[in-house]
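> here you go, sequence then predicted model.
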Amino acid sequence: MIIKNICCIGAGYVGGPTMSVLAQKNPHIKVTVVDINQERIAAWNDTDLSNLPIYEPGLKEVVQEARGRNLFFSTEVKKAIDEAEMIFISVNTPTKTYGKGKGMAADLKYIELCARQIAKVAKSDKIVVEKSTLPVRTAQAIKDILDYTGNGVTFQILSNPEFLAEGTAVQDLLNPDRVLIGGEESEEGKEAMEALVAIYESWIPRERILTTNVWSSELSKLVANAFLAQRVSSINAISELCEVTGANVGEVSRAIGMDSRIGPKFLKASVGFGGSCFQKDILNLVYIAKSYGLNEVADYWEQVIIMNDYQKRRFADKIVSTLYNTVSGKKITFLGWAFKKDTNDTRESAAIYVADALLNEQAEITVYDPKVSESRIYEDLDYLGTRSPEENRRLLKVVNDPYQACKDAHAIAILTEWDEFITYDWGKIYEAVIKPAFVFDGRKILDAEMMETIGFDYTSIGVSKTQSNK
Ligand SMILES: NC(=O)C1=CN([C@@H]2O[C@H](COP(=O)(O)OP(=O)(O)OC[C@H]3O[C@@H](n4cnc5c(N)ncnc54)[C@H](O)[C@@H]3O)[C@@H](O)[C@H]2O)C=CC1
Ligand SMILES: O=C(O)[C@H]1O[C@H](OP(=O)(O)OP(=O)(O)OC[C@H]2O[C@@H](n3ccc(=O)[nH]c3=O)[C@H](O)[C@@H]2O)[C@H](O)[C@@H](O)[C@@H]1O
């Protein structure tokens with residue numbers, strides 16, 4: 001089966017970059033990315049490439065090469081579905097905020113809407129590819145909808161989860177550790193899988209393209225995120241132990257990471273993991289385990305989230321206790337709001353929760369982030385519903401100059417590991433802040449010795465004060 005037309009529903013953080021790279025590497029395939037969000041599509045079509053709706057290093061160049069050639073962004077969802085032989089579903093699958101499974105299960109309403117729309121529009125056989133992260137066995141639900149409400153058209157459902165990380169999306173897409181494709185074990189299923197394998201083979205060696213049954217593929221995505229997040233929570237748990245014992249979590253990470261069975265990655269202690277997926281996917285895994293009555297399995301994974309919440313709270317508490325048990329009326333400067341560097345995404349960023357905790361203590365926060373807009377920051381805070389939008393705007397200010405942000409601060413907290421923070425003139429910042437000059441490094445990016453030589457009272461995750469003062 002030769003694919004000439006691809007449609008992707010959902011032009012977000014995954015649909016946009018994934019399809020851009022796929023189109024760049026398959027100039028013979030027409031790729032149309034559709035979304036109901038007109039503003040987002042307009043931004044993807046903006047002639048000024050710095051206005052793309054998401055910031056990812058290297059993305060502009062890929063879009064520039066493929067857009068208008070064989071890559072198109074459109075709001076004409078029906079037309080794109082009708083024309084395509086293969087349809088990727090890449091819509092959001094957030095945690096449910098209502099009804100059964102509230103706060104745990106994935107909300108599949110957007111997925112179901114896509115399936116119903118495909119069923120309604122399709123006049124020829126289609127391969128439907130789950131690109132969104134979904135609970136295991138969702139393919140069955142999609143198949144049911146397509147088969148019972150379709151027009152006698154045959155559908156093959158494939159699972160093809162995405163493993164890219166934000167900030168390195170283009171690199172991850174160009175050079176993935178593996179591509180995972182799950183499909184039915186029938187002849188038709190195998191044929192559909194081969195059609196998708198052929199597309200990826202345009203730039204990825206065949207041995208890195210893994211084919212499995214649908215359920216293994218769906219579940220592997222949740223499990224991969226759970227394992228990654230678990231490593232962060234594990235090292236964060238150890239960070240507290242380091243602080244009280246005089247061990248240094250950076251040294252412990254290095255020592256254990258050199259064991260090739262453990263490996264060095266994802267062992268960086270931090271203020272807590274954020275991002276749209278780790279928490280959502282683990283909660284989803286916990287919910288699935290519970291729904292099968294596997295309570296011990298559910299409890300085991302839930303602990304990863306409990307630890308992460310604790311780490312964020314602990315960071316805020318440390319600021320309050322160090323500042324003589326009160327931050328009321330004190331200016332606390334946040335360097336960074338994004339959930340990690342090199343992205344403008346703030347979903348579930350630790351900064352939001354640390355800010356909320358400090359605002360509850362009546363702190364006055366000033367935020368500087370090189371890529372996150374003021375409106376986004378206020379939306380994040382307002383979404384929590386802890387206090388009125390007016391109150392949030394009164395207590396928290398956003399500025400676009402880091403030195404101005406730090407001026408007259410009682411404390412500086414580093415919430416994102418942006419490279420530029422390392423290169424600041426910390427001597428100049430020291431002159432401008434209120435003394436004692438407190439810095440709380442939630443990302444362990446600054447050099448403790450340098451900071452202390454300048455005169456800062458520097459606190460870093462996973463290092464006891466006595467040790468960093470040596
Ligand atoms: N953000 C990430 O780094 C990663 C996300 N994922 C998964 O990929 C999926 C998508 O995530 P993101 O791209 O981050 O979400 P997103 O929220 O950035 O994008 C989803 C897009 O789908 C659109 N949409 C929703 N319903 C639609 C419909 N019926 N028709 C047309 N468009 C519709 C929305 O308007 C939105 O623009 C989720 O399941 C997520 O778990 C997987 C790997 C990485
Ligand atoms: O499903 C998803 O959405 C994606 O989730 C993560 O990617 P992402 O959330 O974009 O970014 P990560 O690099 O995984 O970082 C997640 C969070 O963990 C934190 N982190 C990461 C690594 C570490 O050692 N320490 C640490 O605190 C980061 O600062 C960040 O807040 C996974 O890495 C991707 O494989 C997956 O596709």
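Perfect, thanks for sending it. Ligands and ions are numbered 1, 2, ... in the order given.

> which helix or strand contains the closest residue to ligand 1 within the stretch 351-470 of the chain?
Nearest to ligand 1, among the residues of the stretch 351-470 of the chain, is Arg376, at 13.1 Å (C-beta to the nearest ligand atom). (Each C-beta comes from the backbone N, C-alpha and C, glycine too.) Remark: Arg376 resides in helix 374-384, with elements defined by DSSP states H and E.

> chain center to stretch 189-209: distance?
A distance of 26 Å separates the centroid of the chain from that of stretch 189-209, by C-alpha atoms, centre = their mean, to the nearest Å.

> just stretch 176-187 next, same as before
With C-alpha atoms, centre = their mean as the basis, stretch 176-187 stands 23 Å off its chain's centre.

> over to stretch 336-352?
In terms of C-alpha atoms, centre = their mean, the centre of stretch 336-352 is set 9 Å apart from its chain centre.

> what's the span of that stretch, first residue to last?
End-to-end distance for stretch 336-352, by C-alpha to C-alpha, to the nearest Å: 10 Å.

> touching ligand 1 at all, it?
No: residues of stretch 336-352 contacting ligand 1 under C-beta under 6 Å from any ligand atom: none, with a closest distance of 7.0 Å.

> the strands in the stretch 201-350 of the chain, which residues?
209-213, 331-335 (DSSP state E, counting those that start in this stretch).

> stretch 364-375 near ligand 2 at all?
No: against ligand 2, stretch 364-375 shows no contacts by C-beta under 6 Å from any ligand atom, the least distance being 13.7 Å.

> coming back round to it: okay, the angle between the helix holding Arg376 and strand 331-335?
110 degrees (axes from the mean of the first three to the mean of the last three C-alpha atoms, to 10 degrees).

> around ligand 2, which positions in the stretch 101-250 of the chain sit nearby?
Thr133, Glu162, Phe163, Leu164, Ala165, Glu166, Asn225, Leu228, Val232.

> could you rerun that using 5 Å?
Taking C-beta under 5 Å from any ligand atom as the contact definition, the stretch 101-250 of the chain meets ligand 2 at Phe163, Ala165, Glu166, Val232.

> filter those to keep only those in contact with ligand 1.
The subset of those lying close to ligand 1, counting by C-beta under 5 Å from any ligand atom, consists of Glu166.

> which one of the residues of the stretch 101-250 of the chain next to ligand 2 is nearest Ala43?
Closest to Ala43 out of those is Glu166 (17.0 Å), distances taken as C-beta to C-beta.

> what strand or helix carries the closest one?
Per DSSP H and E, there is no helix or strand for Glu166.

> residues touching it, list them.
Listed by C-beta atoms under 8 Å, 6 or more residues apart in numbering, the contact partners of Glu166 are Tyr13, Glu56, Gly275, Phe339, Lys340, Asp342, Thr343, Asp345.

> what number of residues lie near the nearest residue to the second one once chain neighbours are set aside?
Sequence neighbours aside, Ala169 is the residue nearest to Glu56 in space, at 4.6 Å (criterion: C-beta to C-beta, 6 or more residues apart in numbering). Burial of Ala169, expressed as a neighbour count using other C-beta atoms under 10 Å, amounts to 27.

> got it, and the one 4 residues further on?
For Leu173, the neighbour count with other C-beta under 10 Å is 27.
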